[in-house]
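K.L.:
Build me a structure from this.
(2 chains)
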Amino acid sequence: MRTVLAILLLLFATYTVLVYGYGHGDRDERASAAVREGMRTWQKENCASCHQLYGLGGYMGPDLTNITSQRDTLRIRTFIRYGTGRMPGHALSDVEIDKMIAFLGWVDRTGTRIMPPEATHWTGTYLLEKP
Amino acid sequence: MSGTFRLYVGFALVMLLAALVFGTVAAFVFLSPALGAYLPFEQLRPMHVSAALFWIITAATAGVMHYKKEVFGEAREPFLQRAFMVLWIATTMSVFVFYAFRKFGGREYWEFPPLLGVPILLAWLLLLVAYFRSWARRTTPAPLYVWMWTTGILFFLFTFIEQNLYHVPWFRDYYLREITVQWKSNGAMVGAWNQMIYGTALFLMVRISGDEGIARGQKVFVFWFLGLSNLMFNWGHHIYNVPTAGWIRHVAYGISMAEWIFLINIMRGFRSKLDEHKKFKHLLTYRFLIASELWIFLNLFLALLMSVPAINRYTHGTHITVAHAMGTTIGINTMILLASFSNMLRVDELPATRKRWMDLGRTLALASLLVFWCALIGAGMLKGYRDVALGMTDFQQMMRPVLTVLHVFAFAGLGVLAGLGMVAWNYLGALRKLDP
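P.N.:
Residues are numbered from 1 along each chain as shown, chains lettered A, B, ... in the order given. Modelled structure (predicted):
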């Protein structure tokens, strides 16, 4: 029993190291200072309470993974500042809003939130091509 | 039962009531944001999620602390354990104070400012030391439930630390690494508290049936190893659509398909469960336990479907995910934890009228939960179809029929609130009257 448990724990430790080091694939771009600030604002304003990134987060508003390629900056800026019927406005400075948009742009460049149908393999899993 | 422990159990029940109230109000504010003029949705959601999480973790640790006394032969409550309980309650209450002032940390599940993670970590370390000191006194080979409690406590610590790795720039400077590590820890953390809760369920079944063999056989350990493998490697379904390295997806898919073995095992054991039910159905503790088994079956089936990436493509980010989360937290975790509290508070010795009220609450909660769960699945299917299959880009237009279905969910939520509220309220009454 102890042997099986030890093997499992060893596998878990190895897998954890692999995930940390290589799990993120090769599409990632290092965050700039503006992106880091934008991420902090995203968290401070608790945007994930209502919005999703890659389908993870709240359900009140739309998924924002690819918002910067779907809407122009001016429109996104207006939405953040003044809100809409269901979304409250956010009292943020122009600089803070720009940084949040930089963060959303950074997320957008990593991929698309919905898998293309051609990525589905016959076994039911996804096989992704490099961008 | 010490004064501190009574306070701890009472606090867990208050968290359950808070989770139910915040959740029900949040559901109605979700449908009509104008209702949230004083307490908007972005404040209600973290309050609901945190109250639910703290109910589950507080009640799970209460079960471990209470039953280990008997298993390890503890004469009195360790000081470190009491220190854990006080620090845990104080930190949890601070979380809600921060939410009231709109101070958030913005991470899924743990939405409070990250500084509060320090006392939580400290409290958990106190519990860990207290637990292992008691464990050292054990003289006989540990039954399975002890292994489950132990791995639950250890993995909670590990996943909690892992969840906070984003403070290290190396982790957060690459978005895909950040999101992968975040969901690796979130997924495994659910497995960690499930280990503690299922351990308590097994302990209770041993106690009710008087058959220690069910926690010692080779077969139960094989199933435990399968469950543990799930905890360790089956978090990838949360991020199937994130363009991580392909092997993360393949490992998660492969491991999750092993869960069919659990499903087949449940179906094979159905007949013996019926016989067992005839014998013990008069016990409220047993009734809660058996309710959780039905929900394990339903949720496992749903989880298996959601774990196929080609199906997950339509269900991910929809209310089907919420159905799964609610089914597991209410249908499985809460039912087992209420069984645990029922045993702890000696509810089966209460007058028949009180027990009838509690049983009525349990029935009402379960019936409402089924409607609630089906409505969420319906809403999720509709959203998945309109979003992925039809490719609708206007969010409001996409959500219009979904919101109509969600009215059923919100009203069924009132039934869950009333039913579980009745049970929790009676438990609080039983706790007050319990001899020290």
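K.L.:
Is residue A:86 located within a strand, as I assumed?
P.N.:
No: applying DSSP: H, G, I helix; E, B strand; the rest coil, one finds residue A:86 to be coil, outside a strand.
K.L.:
Now for the closest residue to it other than its chain neighbours, how many residues are close by?
P.N.:
Counting by Cβ to Cβ, 6 or more residues apart in numbering or on different chains, residue A:86 lies nearest to residue B:33, which is 5.0 Å off, once chain neighbours are set aside. Using the backbone N, CA and C atoms, a C-beta is placed for each residue, glycine as well. By the measure other Cβ atoms under 10 Å in any protein chain shown, the count of residues near residue B:33 is 16.
K.L.:
show me what contacts residue B:33?
P.N.:
Residue B:33 makes contacts with A:85, A:86, B:40, B:41, as judged by Cβ atoms under 8 Å, 6 or more residues apart in numbering or on different chains.
K.L.:
Tell me the pLDDT of it.
P.N.:
Residue B:33 is assigned 88 on the pLDDT scale.
K.L.:
Please report how far it lies from residue A:90.
P.N.:
Residue B:33 is 15 Å from residue A:90, where distance means Cβ to Cβ, to the nearest Å.
K.L.:
Show me the residue sitting in the middle of chain B in space.
P.N.:
Residue closest to the average C-alpha location in chain B (Cα atoms, centre = their mean): residue B:329, at 3.9 Å.
K.L.:
Might one say that that one is in contact with residue B:54?
P.N.:
No: judged on Cβ atoms under 8 Å, residue B:329 makes no contact with residue B:54 at a distance of 11.9 Å.
K.L.:
so what's the spatially most central residue of chain A closest to, chain neighbours aside?
P.N.:
Centroid-nearest residue in chain A: residue A:53, 4.2 Å away (criterion: Cα atoms, centre = their mean). In space, and not counting its chain neighbours, residue A:53 is closest to residue A:65: 5.2 Å by Cβ to Cβ, 6+ apart.
K.L.:
Tally up the residues packed near that neighbour, please.
P.N.:
25.
K.L.:
Tell me who's in contact with it.
P.N.:
Residue A:65 is in contact with A:52, A:53, A:54, A:55, A:107, A:108, A:111, A:112, A:113, counting by Cβ under 8 Å, 6+ apart.
K.L.:
now residue B:100
P.N.:
Neighbouring residues of residue B:100 by Cβ under 8 Å, 6+ apart: residue B:43.
K.L.:
Then residue B:267?
P.N.:
By Cβ under 8 Å, 6+ apart, the contact list for residue B:267 reads residue B:297.
K.L.:
Please identify the next secondary structure element, helix or strand, after the helix or strand harbouring it.
P.N.:
In the assignment (DSSP states H and E), residue B:267 maps to helix B:260-268. Where DSSP H and E defines the elements, the next helix or strand beyond helix B:260-268 is helix B:270-280.
K.L.:
Where in chain B is the helix or strand with the lowest mean pLDDT?
P.N.:
The weakest-scoring helix or strand in chain B, judged by mean pLDDT, DSSP states H and E, is helix B:270-280 (a mean of 72).
K.L.:
Show me the contact partners of that one.
P.N.:
By Cβ under 8 Å, 6+ apart, helix B:270-280 touches B:208, B:209, B:286, B:290, B:293.
K.L.:
next structured bit after that helix?
P.N.:
On the C-terminal side of helix B:270-280, the nearest following helix or strand under DSSP H and E is helix B:284-306.
K.L.:
Next, the buried residues of that following helix.
P.N.:
B:284-300, B:302-304, B:306 (16 or more other Cβ atoms under 10 Å in any protein chain shown).
K.L.:
Could you do stretch B:397-413 as well?
P.N.:
B:398, B:399, B:402, B:405, B:406, B:408, B:409, B:410, B:411, B:412, B:413.
K.L.:
May I have the phi/psi pair for the residue nearest to residue A:53?
P.N.:
Backbone torsions for residue A:65, taken as degrees, to the nearest 10, come to phi -50, psi -50.
K.L.:
Find out how far the longest helix along chain B is from the centre of the chain, if you would.
P.N.:
Using DSSP state H to define each element, chain B has its longest helix at helix B:395-433. Distance of helix B:395-433 from the chain centroid (Cα atoms, centre = their mean, to the nearest Å) equals 16 Å.
K.L.:
Next one: it, is it in contact with chain A?
P.N.:
Yes: applying Cβ under 8 Å from any Cβ of the partner chain, one finds helix B:395-433 in contact with chain A at B:395, B:396.
K.L.:
what kind of secondary structure is the closest residue to chain A within the stretch 1-150 of chain B in?
P.N.:
In the stretch 1-150 of chain B, the residue that lies nearest chain A is residue B:106 (2.9 Å; Cβ to the nearest Cβ). With three-state DSSP as the basis, residue B:106 sits in coil.
K.L.:
Might one say that it is in contact with residue A:41?
P.N.:
No: assessed by Cβ under 8 Å, residue B:106 is found out of contact with residue A:41, at 9.1 Å.
K.L.:
All the helices of chain A, in order from the start?
P.N.:
Under DSSP H, chain A gives helices at A:2-22, A:33-44, A:67-70, A:73-82, A:94-108.
K.L.:
For residue B:265, give me its contacts.
P.N.:
residue B:223.
K.L.:
can you do 10 Å?
P.N.:
Each residue near residue B:265 by Cβ atoms under 10 Å, 6 or more residues apart in numbering or on different chains is listed here: B:219, B:223, B:226.
K.L.:
With chain A as the reference, measure out to the second one.
P.N.:
Just to be clear, that refers to residue B:223. Going from residue B:223 to chain A by Cβ to the nearest Cβ, to the nearest Å gives 12 Å.
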